[in-house]
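Participant: sequence and computational prediction follow.
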Amino acid sequence: IHFYKRLKMFGEKGLELVKEAARTHHSLIPFNEDVVRQTLEETRALWDANRTEVAETSAIGASITLRHAAIERNKRCLLAYLNHRVEKLRTMRWQFGAVLPEEMKMNLCEPEMEFFNKYNKALAGYMRAVGTDLTNDNAPPKSLYIEVRVKQDHGEIETADGEVVLLKKGTQHHLPRDLCEQLVMQGVLEHVVS
């Protein structure tokens, strides 16, 4: 006969979510709907027990305080788990672009897909408003000047120091990066990597 049964500790399922997030720091596994649901059910049961006890005793005792602490811990664990997943989604947007690989999409739940799409639209709207693609160069440039080849006639451009450069098809120039970025995106110039 077992004299000691394993006592159920409050917050075990919430802690399981945090551990899962820590284990999967560099990847995104499928959303753990079962453990999230169990954590929410435990939180609701604790909340109901507190309401019942307060209604019966009209006082806040040690058991209510303990259950409330468990509720707060469950909330923090759930929020940490969800925040981890949202941050991974943001990182994946910058890493993979506007379209996620199919194997990544399979690991997302519906609200996460909705978040990704809304984040994607917000980022695209912002990039249109400022007139540049922020996802192009994630690393800082090594040089302020780049070597470019003209793919199509464009006419003259003036550099910040007043020099006028004729962009004629087939010619190659050493120009300031900030002056060339928009023309490279438009297909007028191509970056020559040496």
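Facilitator: Structure's in. What do you need? Since the model is a prediction, treat every value here as computed from it, not as a measurement. Numbers count the residues shown, from 1 in each chain.
Participant: where do the strands sit along the chain?
Facilitator: 145-150, 155-158, 164-167, 172-176, 189-191 (DSSP state E).
Participant: what angle do the longest one and strand 172-176 make?
Facilitator: Calculated by axes from the mean of the first three to the mean of the last three Cα atoms, to 10 degrees, strand 145-150 forms an angle of 140 degrees with strand 172-176.
Participant: what mean pLDDT does strand 145-150 get?
Facilitator: Taken as a whole, strand 145-150 has an average pLDDT of 92.
Participant: quick one: distance of it to the chain centre.
Facilitator: Computed by Cα atoms, centre = their mean, to the nearest Å, the chain-centroid distance of strand 145-150 equals 34 Å.
Participant: wait, R73 touches M9, no?
Facilitator: No - using Cβ atoms under 8 Å, R73 is not in contact with M9; the gap is 10.5 Å. The way it works is simple: take the backbone N, C-alpha and C, and place the C-beta from them, glycine included.
Participant: neighbour count: these two, which is higher?
Facilitator: R73 (15 against 9; other Cβ atoms under 10 Å).
Participant: just for this structure, where's the confidence low?
Facilitator: 1-8, 136-139, 194 (pLDDT under 70).
Participant: so G97 touches A124, yeah?
Facilitator: No - at 10.7 Å, G97 does not count as touching A124 under the criterion of Cβ under 8 Å.
Participant: circling back: for R90, find the nearest of the strands of the chain.
Facilitator: Ranking the strands of the chain by proximity to R90 (Cβ to Cβ) places strand 189-191 first, at 27.5 Å.
Participant: grab the nearest non-local neighbour of the most centrally placed residue in the chain.
Facilitator: By Cα atoms, centre = their mean, the mean C-alpha position of the chain lies nearest to R90, the distance being 1.8 Å. Distance criterion Cβ to Cβ, 6 or more residues apart in numbering; nearest residue to R90, sequence neighbours excluded, is Y119 at 6.4 Å.
Participant: now that neighbour: how far from P111?
Facilitator: 12 Å (Cβ to Cβ, to the nearest Å).
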